[in-house]
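Asker: Turn this into a structure:
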Amino acid sequence: MSAGVIVNIADVAQGDSAHLLGLLTRAFADQGFEAQRTTQTRAWEYEIRCLQQVAQSLVRYNAAFATWHLLLEYEIPRRQKRPDGILLDSDIVFVIEFKLGQASAGAAERWQTEEYALDLRDFHAASCNRTIIPILCIENDTLCKPATTEHLPGVVWPVRLCGTAQLAEQIIQLYNHAHDPSQTGIDPNVWSVSPYRPVLTIVEAAERLFSNHDVREIAHNYAGNLTETTAALVEHIRDAQRKRERRICFLTGVPGAGKTLTGLNAVHDPELRAEGRPPAVFLSGNGPLVKIIRTALVRSSQRQGIPRTEAARRVSAFIQNVHAFLRHCLSDINQPPAENVVVFDEAQRAWDAKKMTSKHNVTMSEPELVLEVMERCKDWCVLVALVGGGQEIHEGEAGLAEWGRALLTRSERWVVAAPEEVLIGGSSVAGQQLFTSLENGNTLLRKDDRLHLSVSTRSWRAHRFNEWVNEILALQPMQAAQRVSSLREFPVVRTRDLVLARQWLGERSGFDPNRRCGLVASSGAIRLRAYGIEVSTAFRRGYPYDEWFLADPTDVRSSFWLEVAATEFEVQGLELDWVGVCWGNDLYINREGLWEFRRFTGTRWRNVSRDDTRQYVLNKYRVLLTRARQGLVIWVPPGRFEDPTLDPQSFDATYSYLAACGVPELTL
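Answerer: Numbering: from 1, shown residues only. Okay, the predicted model is just below:
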């Protein structure tokens, strides 16, 4: 990170405004900006005059404030924007944003100011556990409400709104309420160069790993135990090779906790490729995930000068479709795989024997086949099974218990390393258990709770958000409503107006390539077609969803254009920063206050009665609702009385239910 100008308050109070303007202009020139627009220069002139008056007032109030420091036009990496000013006192970080020529401030301006503060709190090392107060300053005499003393450490204060004439008064008042003399002082020079580590998306993380970075560098201030879990996996793999064992490690975690990141690192860790170890491979049955990551890695390699053909060859060895991997292994039943270490993503979604018979003409389940293939490895092997829960969306997905059954039938001995979650059926695996009895057969069980990731990195601003989603789908509106108060930093809103939803998403992302937004919808919500949202299989097969995820905002195929919605099949395992969930009437609240499940066939809706199929529908919406990293809007269509397939009452009931769950209505 870099600051345009760092000056202490005493120099601001006594200095010449033309001198400060010159410092700003020179700083920008040093960064490659040869000239500034006249409007920018005028804005700087006004802000400097205002800040000089503020500095003079601060020093008059307390001479000790002269040692505070002001950072002007401080750059936040990957944001492509800069807060106008950062004021560092002895222990508080004030984030100051000016909106000149405005008599009022809307939600977009408030959110922009708050987001600067949140980014510093979440990703800037020197700001972690500091009090951060965002202030939005406009050109009128509006004075915000008096500051309160209700404040939690590490929680960014709500945005304070004030006029330029009241800015000094506001800072003094806030300081008096928030100052903690027990805190160590802030060194502005150390603060300005402190590391800034934003959470990367799965695609960005894969690119970093493929360029020989370590997933343990991909962290933020709330990264939980990702580093410890990665180290545990490396330890298990090295130990298995040393002891000549066949070992399977079950890795669990809350949705978005970094299971895939950890798995990617396991197959690309330099430590594991040392000491004569053969390469490892990352397997996934999620076709869109494999395609998107492969495409991103190939393009990244091409930017580094590697020919596309060579890049594609390297990438294909790094990440593979599990079904293609198994087809290759079935072509020669005596040939061992090239890799002694295999990571199986979303292992609970492996196919049962019936599905395998129809797809591969074999009479064993996918877990049985994977174990048989790995047993071909000479001396030792490690299978890392990444296990989630509650997101099974295909018929024929065997579940965690099938891995337990497959292990119990093996003649060769397997060492099982697993956290308590898979042994007792914890919430992160939706209550599934690896072994349904105390008999573990020929396996040696080693409990290792380091293999559970307990903190979400996808929704770092709302660690309890996944529980909120579960409560909504479990028809627990009172509990969900009580939890909403903890989601202030993770905006969730509802609307009946799709245009308004698109506007909200556009404002939040700012068409910033590093703040991706997009619409998502259930594959069963066929009648959203009436509103221009097409989710039919034929349409989706022909649409380039790799461009939807990877293209920049100038490309009409990208998610930024908010024209095409991705379904649960395209987005599972991936994420966007800002998500618009388009709610269909394949799942709605009926008159009894219960979920109604439907499937569109021919020209009308038909009720779904099978419990397992109903669960698939719930899981679709669980996937859609948990794709956001920063916030989401839920759009529920108004329906049409003249169209029996778009019954307004079903939409109205769902919209009212979301209100009961604490979701506020969107207002701009």
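Asker: What distance do you get for the nearest residue in space to residue 643 that is not next to it in sequence to residue 637?
Answerer: Nearest non-adjacent residue to residue 643, counting by Cβ to Cβ, 6 or more residues apart in numbering: residue 530, 7.0 Å away. Just so you know, the C-beta spots here come from the backbone N, C-alpha and C atoms, and that holds for glycine as well. Distance of residue 530 to residue 637, computed by Cβ to Cβ, to the nearest Å: 8 Å.
Asker: Quick check: neighbours shared by the two?
Answerer: Each of residue 646 lies in contact with both residue 530 and residue 637 under the rule Cβ atoms under 8 Å, 6 or more residues apart in numbering.
Asker: neighbour-wise, which of the two wins?
Answerer: Ranked by neighbour count (other Cβ atoms under 10 Å), residue 530 and residue 637 place residue 637 first, with 24 against 13.
Asker: Verify the stated contact: that one with residue 529.
Answerer: No: checked against Cβ atoms under 8 Å, the pair residue 637 and residue 529 is beyond contact range at 11.1 Å.
Asker: rewinding a little: my guess is the residue nearest to residue 643 contacts residue 646, does it?
Answerer: Yes: at 6.0 Å, residue 530 counts as touching residue 646 under the criterion of Cβ under 8 Å.
Asker: so what sits against both of these two?
Answerer: Shared contacts of residue 530 and residue 646, counting by Cβ under 8 Å, 6+ apart, come down to 637, 640.
Asker: Settle this for me: residue 397 is touching residue 349, isn't it.
Answerer: Yes: with contact defined as Cβ under 8 Å, residue 397 counts as touching residue 349 (4.5 Å).
Asker: If you count surrounding residues, which of these two has more?
Answerer: Taking neighbours as other Cβ under 10 Å, residue 397 and residue 349 compare with residue 349 leading, 24 against 21.
Asker: got a pLDDT number for that one?
Answerer: With respect to pLDDT, residue 349 scores 84.
Asker: Pretty sure it sits against residue 284.
Answerer: No: when contacts are counted by Cβ under 8 Å, residue 349 is not listed as touching residue 284 (9.5 Å).
Asker: Now the phi/psi pair for residue 579, please.
Answerer: Backbone torsions for residue 579, taken as degrees, to the nearest 10, come to phi -120, psi 140.
Asker: Thought residue 635 was touching it, still the case?
Answerer: No: with contacts counted by Cβ under 8 Å, residue 579 stays clear of residue 635, the gap being 10.7 Å.
Asker: residue boundaries of the helices in the stretch 1-150 of the chain?
Answerer: 9-14, 17-30, 38-61, 107-123 (DSSP state H, counting those that start in this stretch).
Asker: So which of those helices is nearest residue 434?
Answerer: Among the helices of the stretch 1-150 of the chain, helix 107-123 comes nearest to residue 434, with 34.4 Å by Cβ to Cβ.
Asker: Any buried residues in the closest one, and which?
Answerer: For helix 107-123, burial by neighbour count (16 or more other Cβ atoms under 10 Å) applies to 109-123.
Asker: for stretch 503-515, same thing?
Answerer: Neighbour counts using 16+ other Cβ under 10 Å place 503, 504, 505, 506, 507, 508, 509, 510, 511, 512, 515 of stretch 503-515 among the buried residues.
Asker: and it, average pLDDT?
Answerer: 87.
Asker: Alpha carbons only: can I get it in PDB?
Answerer: Taking Å, rounded to 0.1, in the frame of the first residue of the first chain, the C-alpha atoms of stretch 503-515 are listed here in PDB:
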ATOM      1  CA  GLN A 503     -28.800  -1.100  -9.600                       C
ATOM      2  CA  TRP A 504     -27.800  -2.100  -6.100                       C
ATOM      3  CA  LEU A 505     -25.400  -4.700  -7.300                       C
ATOM      4  CA  GLY A 506     -23.800  -2.300  -9.800                       C
ATOM      5  CA  GLU A 507     -23.300   0.300  -7.100                       C
ATOM      6  CA  ARG A 508     -21.800  -2.200  -4.700                       C
ATOM      7  CA  SER A 509     -19.400  -3.600  -7.200                       C
ATOM      8  CA  GLY A 510     -18.700  -0.300  -8.900                       C
ATOM      9  CA  PHE A 511     -17.800  -2.300 -12.100                       C
ATOM     10  CA  ASP A 512     -14.500  -2.900 -10.400                       C
ATOM     11  CA  PRO A 513     -12.900  -6.100 -11.900                       C
ATOM     12  CA  ASN A 514     -11.900  -7.100  -8.300                       C
ATOM     13  CA  ARG A 515     -15.500  -6.800  -7.000                       C
END
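Asker: Good, wrapping up.
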